[in-house]
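Peer 1: pasted the sequence and its predicted model underneath.
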Amino acid sequence: MPPAAITLDDIWKGYHRSRSIAAKLARFGRRIAGRANEDDLFWALKGVSCEIRQGETVGLIGPNGAGKSTLLKILARVTVPTRGTYRTSGRVGALIEVGAGFHQALTGRENVYLNGAIMGMRKREIDAKFDQIVAFSEVESFLDTPLKFYSSGMMVRLGFAVAAHIDPEILLVDEVLAVGDTAFQAKCLNKIAELKEQERTIVLVSHTMPSILQHSSRVLWIDHGTIQAHGDPEETVEAYLRTVYKQRPGPADEAAAPGDSPIRITRVTVRNAVGDSHGVLAYGDSACVEVEYRVDRPVDDPVLALSFQDARDFPLGGITSRLGGVRLEGHEGTGIVRLHLSPVLFTRGSYGVTVAIQDSRIQRYLDMRPRAATFMVDGPSVASREVSGHFVFPHRWEAEPERA
Amino acid sequence: MQYLRELAENAHLVLNFARRDIRAKYKQTILGVAWAVIQPLTLMVVFTFVFSLFARVPSDGLPYPIFSYSVLIFWMFFSACISQGTIAMTANAGLVRKIWFPRETLLLAVILSALVDLVIASVILAGMFVFYQIPLTWTALWVLPLLALQIVFALGVILVTSAVHVHYRDVGHALPLIMQVWMYATPIAYSLTSVPEWLKPLFVLNPMTGIIDGYRRVLLRATPPDHAALVIAAVASIALLLVSYTAFKRAERTFADVI
């Protein structure tokens, strides 16, 4: 087994809630009196222990305010834990904020040297890598322009380029993969893959589960300052996502409908191929989303709009009942509309369904149920790198041997 | 000891920060580094009018312009160290919050960039020596230990003030005022010899008195500085540096949390 690169032993980090001078004096007084000083503390980390081995890429996940950034700050030595000890072996490079330390008045060239130095590189080292850094950043023609005339994209690219070349034994990455355009992102991913091949240790913080799954050999899930789970990327990410749902409102309840609405959605159910509604669908099987509604006053040609969201509520796309050609019953009474997915082409992960009923011109919402139902899909995973994104479109591959 | 090792490993950072400060300071200016000369020169002209022509303050028989300018540049060096150094952490808050490096490098860089201004300003002083035909002797080499002492003292001060400024910005507001009072409390515009005897003990408490008077002695009067005063100032400055450096390194660990 490779040696440990990072060892955390019961790390606690508290922040003082009150920064007023009175509170500070009171704390000072208690310290002199030798009494405990921790009742005013907000604990961002509550006893985190773990070991990260050399060459591992560990994904750090958890909701906002879970303590991920605090942990990274401790690893980066920017701050110290209130209690507990930790050890890192080797140079630590932090991609915590790209371009921290850039100076607007200096040129791109000057900033490369300055930023490199701040991140711990010697001048000779920067000299040697300068051309690589510049080529990576794609800002060659602006090297002697003061940074204040750079676009934000150029600045971020230059920042990442410097950071990517610091060649640390341990690299901390905080949600920076989302910078630049698609081509630049591909470059960043290649760089990370390269570092992985060189057996560097990487700690990756991201809210984007696909990129966590793609890169991590292990996932650490933190919430409320403690480790919730730690292990296999897919299992941990799924366990985490399941709790994300639990905190969201469940299936539509009537109380949420607008008071004077003539038409209401009463139930949204996701069923698998055999009609079970336990919320797990299989890729390639059929499934359906069933929407029950009730009409209290006649409505002229209502339209059902249905859309899917990913685990973080990012919209993936939707359709209306107009597109498929079904008509909803507009007279008093109840009705059911089903959207059949045959087959299910979502990639592995968790999804939500938002259902709305709109007027005949598809402009006004008569009722709207955000994330009325959620479901999980078992199927090809982005972690395998054989698929990417949330969907696989209907397709058929064909390969022809080259003719002589 | 570990502090010094880490500092040595990051010595190149001092140069980089200093270079950044100097370049950034004179970018987008027309006069550029000339500003390093214009500031003390202007103050010298004002002093010459107010203290020499109007108030007739005795200047030990020396031409007042060189009497004041020869120490003004050292005072302005000190003043720049203190005022820039005190705000050095907060001025680099973005860095301090995000990246680890020995924070005192920022302070050393401030001193280094102020030193560059001092060197530029001393070119004029050299011209004044020629103009007033004041002979320079080997005694003038005392300037170097005096400058070293002044740097040790300035560093000792800003290690404390910069750390306090992270918590309380009051320091930043009080500073210009303090520096102004301090300047007049130090024999710059006037000679130490014109200070009444009963006030002298009070003046000796100000470490800058011995240092500034020392510059004037070794440069203009070719007499070595007051050894006793110098030793006291040196011991006090080194003690201050040791205490404030340890305190600074302790405080430094949580700068990122409060800045």
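Peer 2: Cool, the structure landed.

Peer 1: identify the residue of the stretch 101-250 of chain B closest to chain A, quick one.
Peer 2: Residue of the stretch 101-250 of chain B nearest chain A, by Cβ to the nearest Cβ: B:Phe101 (6.2 Å). Yep, even glycine has a C-beta here, placed from its N, CA and C like the rest.

Peer 1: from A:Gly231, how far out is that residue?
Peer 2: 35 Å (Cβ to Cβ, to the nearest Å).

Peer 1: neighbour count winner among the two?
Peer 2: Set B:Phe101 next to A:Gly231 and count neighbours by other Cβ atoms under 10 Å in any protein chain shown: B:Phe101 wins out with 22 against 12.

Peer 1: I'd say that one and A:Asn115 touch.
Peer 2: No. Here B:Phe101 does not reach A:Asn115: they are 11.8 Å apart, not a contact under Cβ atoms under 8 Å.

Peer 1: for chain B, what spans make up the strands?
Peer 2: For chain B, applying DSSP state E gives no strands.

Peer 1: any low-confidence regions in it?
Peer 2: Low-confidence segments of chain B (pLDDT under 70): none present.

Peer 1: within range of chain A, give me the residues from it.
Peer 2: B:10, B:12-13, B:16-17, B:19-20, B:23-24, B:27-28, B:94-101, B:167-168, B:253-254, B:256-258 (Cβ under 8 Å from any Cβ of the partner chain).

Peer 1: what subset of the residues you listed is buried?
Peer 2: The neighbour count (16 or more other Cβ atoms under 10 Å in any protein chain shown) marks B:10, B:12-13, B:16-17, B:19-20, B:23-24, B:95-101, B:167, B:254, B:256-257 as buried among these.

Peer 1: now for the residue of the stretch 201-350 of chain A found nearest chain B: which residues touch it?
Peer 2: Using Cβ to the nearest Cβ, A:Val205 is the residue of the stretch 201-350 of chain A that sits closest to chain B, at 13.7 Å. The contact partners of A:Val205, by Cβ atoms under 8 Å, 6 or more residues apart in numbering or on different chains, come to A:Gly59, A:Leu60, A:Ile61, A:Lys68, A:Ser69, A:Leu72, A:Leu172, A:Val173, A:Asp174, A:Glu175.

Peer 1: list the beta-bridge partners for it.
Peer 2: A:Leu60, A:Asp174 (DSSP bridges).

Peer 1: mind listing the helices for the stretch 51-200 of chain B?
Peer 2: B:64-86, B:88-91, B:93-98, B:104-132, B:143-167, B:170-185, B:200-204 (DSSP state H, counting those that start in this stretch).

Peer 1: now swap in the stretch 1-150 of chain A and tell me
Peer 2: A:21-32, A:68-75, A:108-118, A:123-137.

Peer 1: now find how far off-centre the shortest one is within its chain.
Peer 2: Helix A:68-75 has its average C-alpha position 17 Å from the chain's average C-alpha position, going by Cα atoms, centre = their mean, to the nearest Å.

Peer 1: only alpha carbons, please: show that helix as PDB.
Peer 2: Output of helix A:68-75 as PDB, limited to C-alpha atoms (Å, rounded to 0.1, in the frame of the first residue of the first chain):
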ATOM      1  CA  LYS A  68     -15.500  21.100   2.600                       C
ATOM      2  CA  SER A  69     -13.800  24.500   2.100                       C
ATOM      3  CA  THR A  70     -12.700  24.700   5.700                       C
ATOM      4  CA  LEU A  71     -11.000  21.300   5.300                       C
ATOM      5  CA  LEU A  72      -9.300  22.400   2.200                       C
ATOM      6  CA  LYS A  73      -8.100  25.600   3.900                       C
ATOM      7  CA  ILE A  74      -6.600  23.500   6.700                       C
ATOM      8  CA  LEU A  75      -4.900  21.200   4.200                       C
END
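
Peer 1: around chain B, which positions in chain A sit nearby?
Peer 2: Residues of chain A lying near chain B (Cβ under 8 Å from any Cβ): A:15, A:19, A:21, A:24, A:73, A:76-80, A:92, A:94, A:96-97, A:100-101, A:103, A:105-106, A:110, A:113-114, A:117-120, A:122-123, A:146.

Peer 1: can you redo the helices of the stretch 1-150 of chain A as TSV with mean neighbour count and mean pLDDT?
Peer 2: Below are the helices of the stretch 1-150 of chain A laid out as TSV (neighbours: other Cβ atoms under 10 Å in any protein chain shown; pLDDT from 0 to 100):
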stretch	mean neighbour count	mean pLDDT
helix A:21-32	12	72
helix A:68-75	22	90
helix A:108-118	23	89
helix A:123-137	16	90
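
Peer 1: quick one, which of those gets closest to B:Ser113.
Peer 2: For B:Ser113, the closest of those is helix A:108-118, at 13.6 Å, according to Cβ to Cβ.

Peer 1: so what touches that closest one?
Peer 2: Helix A:108-118 has contacts (Cβ under 8 Å, 6+ apart) with A:99-103, A:106, A:123, A:125-126, A:130, A:133-134, A:139, A:142-145, A:147, A:150, A:158-159, A:161-163, A:165-166, B:12-13, B:16-17, B:19-20, B:23, B:95, B:99, B:101.

Peer 1: equivalent analysis for stretch A:273-288, please.
Peer 2: Taking Cβ under 8 Å, 6+ apart as the rule, stretch A:273-288 contacts A:269-272, A:338-348, A:373-380, A:392.

Peer 1: now do the buried residues in it.
Peer 2: Buried, per 16+ other Cβ under 10 Å, within stretch A:273-288: A:Ala273, A:Gly279, A:Leu281, A:Tyr283, A:Asp285, A:Ala287, A:Cys288.

Peer 1: poorly predicted segments of the stretch 101-250 of chain A, please.
Peer 2: Along the stretch 101-250 of chain A, the model assigns pLDDT under 70 to residues A:176-180, A:245-250.

Peer 1: tell me the contacts of B:Leu62?
Peer 2: Neighbouring residues of B:Leu62 by Cβ under 8 Å, 6+ apart: B:Ile134, B:Leu220.

Peer 1: relative to A:Val156, how far out is it?
Peer 2: 58 Å.

Peer 1: same check, this time on A:Val203
Peer 2: Here the criterion is Cβ to Cβ. By it, A:Val203 lies 21 Å from A:Val156.

Peer 1: centroid-nearest residue for chain A?
Peer 2: Taking Cα atoms, centre = their mean, the centroid of chain A lies closest to A:His207, which sits 1.5 Å from it.

Peer 1: my guess is that one contacts A:Asp310. True?
Peer 2: No. The pair A:His207 and A:Asp310 fails to qualify as a contact (Cβ under 8 Å) at a distance of 11.0 Å.

Peer 1: any residues in contact with both of these two?
Peer 2: Counting by Cβ under 8 Å, 6+ apart, nothing touches both A:His207 and A:Asp310.

Peer 1: just the helices in the stretch 301-404 of chain A please.
Peer 2: Assigned by DSSP H, counting those that start in this stretch, the stretch 301-404 of chain A shows helices spanning A:321-324.

Peer 1: the stretch 151-300 of chain A too?
Peer 2: Going by DSSP H, counting those that start in this stretch, the stretch 151-300 of chain A shows helices at A:152-164, A:182-197, A:209-215, A:233-246.
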